[in-house]
Every structure is written in structure tokens, then in C-alpha cells.
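> coords please:
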Amino acid sequence: MGTGNPKTMSGWQSLMEEAPGFVKGGGGTKIYRRRVRPEDLSCQYCLYAKGRKCTLPECMCIDERIEAGGMPISVILEALCKGDNLEFRERCKNLMHREGEKFMQYRDSFHERRFEQVVLNERIRDRTLLAVVFLLTADQDLWRTVKPDIVNNMTVRFSSIRLNGIGETGYTLYGGAKDLYLGTKTLCLNDLADSEIVDREAFELIVTAMAIKRYGMEVLRNRKDGKK
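Modelled structure (predicted):
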């Protein structure tokens, strides 16, 4: 599977590779440990917490807190939505402050079934591929179109895909998936910042895919919204 040359990586994709200690999907050594509880990772036990503020640029326990289900969505968004593009950061900020709505989840129950069935059948563990499949399975017509061009070991032949009969959101999700997979520049930060180019639903799905690529599928199971 090709994940693209980092030197040609699109701006929004490179945001996922900036964090200290970032390990690309599929790499590194897995250390098995007992499953921790959210309360075990409370900031009150952290040496870097001063009062209610963290002195680090990013929480060093973010992966463990997501896995335990105790990571506020706002912290995940703050870690992802960095960079110099103020409009993009503002759009992410709007997601943080939206009340009464869930975020970082499937588009609908059909999306959930499609995605989890593919992950189960193909035993996908690579975070980049998980993020790509998350976007491609979010739209039924898009998934039907691209599925024949996904071959051995879930290799996506983007050069062979011909998009026909899919809606505007499907095209946007396809562009996001291609950028994640190949490091292309179908979408740029300015596109993601513009609600007339990338609508709210597509934006939320793409940001969720960014989180999956960086932190894994656990973000879909992390239900804490950060409110006290």
C-alpha cells in the first residue's frame, strides 16, 4: 500500500504528523498492558499539570486516554487542527463548542456496518488504511464505485477509479481519502476551511478520518465530550 511521499503531502494531512512521538500507522511495537480506566489518567496525577493547565504543547497520554474513553473531543481537535490557516482552525473551533450534538462518529448506521464489516473481514490494522476506508464507506454510492478497484491486501487503485453517479459529498470524501492514501493535494486547508466547498457533514467526516489516521479506531469509541 502506498501512503505517499511526505514531501508532497497536502497541508492538512501533514498536521497529523506534527505531534511529538507520532508513529505512522502500522509501524512501531505494540506493548500489551492492562486496560486503564479514564480516572487512572486524570490530569491531577500528571507531573506536567500546573493547576488546571498542562505545561506541554500536547498531552503526552492522549493515546492512552482515547483508548480508555476519557479524552475530551476538544483536546483531540486542538491536537489535530493546528497550522497557520486561521479559517481552518476557526472551523475546527466551531466543532469544539457545538452543544447537544455528537461528533467523531459514523455518518449513520449503514456507514458503521459497512466500515466495521470491511475492517473485520480484511483484518485492517493500519491506521492510514482505516482512515481511508472510513471515508470511502461513508457514502454508499462511493463505496459501490471504488470497491472493484480495491485489490490484494486492500490496495486501493485510485488511478483506475472512474467516479460516476455519486453526489457532491461523495466526491469530497473521495478526495480526502485519496489525499490520506497517496499524499496528493486534491483538498487543501483553504478548501476544508470553506463551507461552500466542503460542507459540514463532509468536514466532520474528514476530521474524524484525520483522528483515526493519527490515533486509531479508538476515537470512534471515545464518547466523552469533555463537559463536566
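> hey, let's count contacts and neighbours off CA atoms from now on
Will do.
> can you mark which positions in whichever strand or helix holds Asn121 are buried?
Element membership of Asn121, judged by DSSP states H and E, is helix 109-122. By neighbour count with 16 or more other C-alpha atoms under 10 Å, helix 109-122 contains the buried residues His111, Arg114, Phe115, Glu116, Val118, Val119.
> can I get those in CSV with pLDDT?
As requested, the buried residues of helix 109-122 are exported to CSV (pLDDT from 0 to 100):
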residue, pLDDT
His111, 96
Arg114, 96
Phe115, 96
Glu116, 94
Val118, 94
Val119, 93
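> closest to Val151 out of those residues?
Of all these, Val118 has the smallest distance to Val151: 12.8 Å, by C-alpha to C-alpha.
> all strands for this protein, in order.
For the chain, applying DSSP state E gives strands covering 49-50, 53-54, 150-151, 155-156.
> the first one - what's its average pLDDT?
In this case it means strand 49-50. Per-residue pLDDT over strand 49-50 has a mean of 73.
> same question for stretch 209-227.
73.
> and for stretch 120-136?
The pLDDT scores in stretch 120-136 average 93.
> number of nearby residues for Ala79?
17 (other C-alpha atoms under 10 Å).
> that older thread, which of the strands of the chain sits most buried?
strand 155-156 (a mean of 18; mean count of other C-alpha atoms under 10 Å).
> who does that strand pair with, and is each partner parallel or antiparallel?
When sheet partners are counted by DSSP bridges, strand 155-156 sits next to strand 150-151 (antiparallel).
> who's in contact with the partner strand?
Contact with strand 150-151 is made by Val156, Arg157, as judged by C-alpha atoms under 8 Å, 6 or more residues apart in numbering.
> one more: stretch 190-209?
85, 87-89, 91, 103-107, 131-132, 134-135, 169, 172-173, 176, 219.
> about what we covered before: show me what the helix holding Asn121 is packed up against.
helix 127-136 (3 or more C-alpha pairs under 8 Å, 6 or more residues apart in numbering; DSSP states H and E).
> tell me what the helix it packs on is packed against?
helix 109-122, helix 140-146, helix 168-182, helix 200-215.
> ok, which of these comes nearest Leu47?
Nearest of those to Leu47, taken as C-alpha to C-alpha: helix 200-215 at 23.0 Å.
> shaky segments in the protein?
Confidence mapping of the chain against pLDDT under 70 gives the ranges 1-45, 48, 52, 55-74, 97-103, 222-228.
> bridging residues for Ile150?
Ile150 forms beta bridges with Val156, as assigned by DSSP bridges.
> quick check: it vs Leu182, distance?
According to C-alpha to C-alpha, to the nearest Å, Ile150 and Leu182 sit 14 Å apart.
> cool, and Leu47?
According to C-alpha to C-alpha, Leu47 stands 39 Å off from Leu182.
> comparing these two, which residue is more hemmed in?
The residue with more neighbours, out of Leu47 and Leu182, is Leu182; 19 against 9, by other C-alpha under 10 Å.
> neighbours of Ala202, just the number please.
Look at Ala202: counted by other C-alpha under 10 Å, it has 23 neighbours.
> begin at 36 from here
Let's use 36 as the start, then, which means that last one is Ala237.
> rewinding a little: which one of the buried residues of helix 144-157 sits closest to Arg160?
Taking C-alpha to C-alpha as the measure, Arg160 lies nearest Val154 of those, at 8.0 Å.
> pretty sure that closest one sits against Ala166.
No - taking contacts as C-alpha atoms under 8 Å, Val154 lies outside contact range of Ala166: 10.8 Å.
> follow-up on the earlier one: to Val110, which of the helices and strands packed on helix 162-171 lies closest?
Nearest to Val110 among the helices and strands packed on helix 162-171 is helix 235-250; the distance by C-alpha to C-alpha comes to 11.3 Å.
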